[in-house]
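A.B. asks: here is a sequence together with a model predicted from it:
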Amino acid sequence: MVLYKLEDFEPNYRDSFDGHDIKGLGVYTQGTDEKIGSVNDVLVDEDGHIRYLVVDLGFWIFGKKVLLPIGRARIDYNSDRVYTIGLTREQAEDLPEFNERLALDYDYEEQVRGVYRRPGDYTTPAEASRPVEASAPLDATYSTPSYNRDSYTYEHEPSLYNLNEQDHQTLRLYEERLIAGKQRRKTGEVAIGKHIETETARVAVPVEKERVVIERVTPADAGRAVPASEANFREGEVARVELHEETPEIRKEAVLREEVRVRKVVDQETVEAQDTVRREELDINAPNLPIEER
C-alpha cells in the first residue's frame, strides 16, 4: 500500500484542519503526561486518510523517528499536543526506526503493527467486553488473526487506523445571524408629456392714419387788385386729396420657450431590520469533576 506525505498529497492540508498544523505538535503519553517527541510528518493513503504520524524521538533519542498509527493517537489542538493511547516512552524505544529514504513496505508495517497490537483488539466477544487498561504491555502474549500481504487493508484493523471517536469528540455550536440583502422593486411611475393650451394674446401696434386739415388764411396782400386775366372764375372746380391709413397685420410664428430635462437621482438612506436569531450554548454536566475550559 502506497503512502504519501501529507503536504505532498495535499499542499493546502491546513484548510482541512481549520487552519491548524498537526506537524510540530508535541507527543505525550496519555495518563502520565510524559513527553515522547514531536510530530515530524503525517502519512496518508491514496484516498487521503491519515494512517500514521511520524514521531521524532530526538527529544530524548537523537535522530530516531518512529510511526504512530492514527488509531493510537488523540490530537488535542487546545493544548497543541498529541497523546499516545497505550504507549509509554520505554515502549517507543522498541519501535522500528522509520527511514523516509527507504520504501515503506508490508514487512516494515507489520513490525510496527506488531508492537501496537493489543490483546483486547483480537479477543472473542465475551473477552472483548473486559476493559483494557491503557498501560497494558504492548508485547503481551495473545493470538492475532493472520493476514495476507496481498489482501491486507487498513480497514482490517480499525483499532490502529481509524480515528478513535471516543477520544476525538467534537461538539459544534451553531448560531444564526442576519444576512442583509437588498431587493429592487418598483414603487411607481412618472409620466411626462405635453398638451396644448390656447389663450388670447394682445399686441400693441402703432398705426398711422391720414386726415385732411382745411385751413383758411388771409394773405398779406389781401385787398390788392388783380388783373382780369389772373382772376379766373371757374365754377365747379374741385381739389382732390387721397387719404391713407395703416391697419395692423397680425401673423403667428412658433418660438422656443423653454426646455424640460427629465432625469433620475438616487437617494441613499439606512434602514434597520430586526428578526429573532437562535444560538446554541454549551451545557456541561460534570458534578464534582474538574473541568478546564480554554
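C.D. replies: Done, it's in. Numbering: from 1, shown residues only.
A.B. asks: tell me who's in contact with the nearest residue to residue 71 once chain neighbours are set aside.
C.D. replies: Using CB to CB, 6 or more residues apart in numbering and skipping the chain neighbours, the partner closest in space to residue 71 is residue 160 (4.5 Å). Quick note: C-beta positions are derived from backbone N, CA and C, even for glycine. Contact analysis of residue 160 by CB atoms under 8 Å, 6 or more residues apart in numbering lists 69-72, 113, 116-117, 121, 154.
A.B. asks: now do the SS call for residue 160.
C.D. replies: helix (DSSP: H, G, I helix; E, B strand; the rest coil).
A.B. asks: equivalent analysis for residue 67, please.
C.D. replies: strand.
A.B. asks: same deal with residue 15?
C.D. replies: Assignment for residue 15 (three-state DSSP): helix.
A.B. asks: strand partners (parallel or antiparallel) of the host helix or strand of residue 27?
C.D. replies: Assigned by DSSP states H and E, residue 27 falls within strand 26-29. Using DSSP bridges, strand 26-29 pairs in its sheet with strand 35-44 (antiparallel), strand 81-84 (parallel).
A.B. asks: same for the helix or strand following the last one, what does it pack against?
C.D. replies: If you walk from strand 81-84 toward the C-terminus, the next helix or strand you reach (DSSP H and E) is helix 89-93. With contacts defined as 3 or more CB pairs under 8 Å, 6 or more residues apart in numbering; DSSP states H and E, the packing partners of helix 89-93 are strand 35-44.
A.B. asks: what residues sit buried inside the next helix-or-strand element following the strand it packs on?
C.D. replies: For strand 35-44, the following helix or strand on the C-terminal side (DSSP H and E) is strand 50-56. Residues of strand 50-56 classed as buried by neighbour count (16 or more other CB atoms under 10 Å): 50-56.
A.B. asks: with stretch 18-25 instead?
C.D. replies: Quick answer for stretch 18-25 (16+ other CB under 10 Å): 22-23, 25.
A.B. asks: can I get it in PDB, CA atoms only?
C.D. replies: Output of stretch 18-25 as PDB, limited to C-alpha atoms (Å, rounded to 0.1, in the frame of the first residue of the first chain):
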ATOM      1  CA  ASP A  18      -9.400  24.600  10.400                       C
ATOM      2  CA  GLY A  19      -6.100  26.300   9.900                       C
ATOM      3  CA  HIS A  20      -4.200  24.100  12.400                       C
ATOM      4  CA  ASP A  21      -1.000  22.400  11.600                       C
ATOM      5  CA  ILE A  22      -0.600  19.000  13.100                       C
ATOM      6  CA  LYS A  23       3.100  18.900  12.300                       C
ATOM      7  CA  GLY A  24       5.200  20.200  15.200                       C
ATOM      8  CA  LEU A  25       2.800  19.200  17.900                       C
END
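A.B. asks: looking at the buried residues of stretch 18-25, which gets the smallest pLDDT?
C.D. replies: Taken together, the buried residues of stretch 18-25 show their lowest pLDDT at residue 22, with 86.
A.B. asks: roughly how far apart are the residue nearest to residue 71 and residue 3?
C.D. replies: For residue 160, the distance to residue 3 (CB to CB, to the nearest Å) stands at 14 Å.
A.B. asks: so where is the protein shaky, pLDDT-wise?
C.D. replies: 59-62, 119-145, 164-172, 292, 294 (pLDDT under 70).
A.B. asks: circling back to that earlier point, who's in contact with the strand holding residue 27?
C.D. replies: Contacts of strand 26-29 (CB under 8 Å, 6+ apart): 34-39, 53, 55, 68, 73, 80-84, 87-89.
A.B. asks: and which of the buried residues of strand 50-56 is nearest residue 199?
C.D. replies: Comparing those against residue 199 with CB to CB picks out residue 50 as the nearest, at 93.0 Å.
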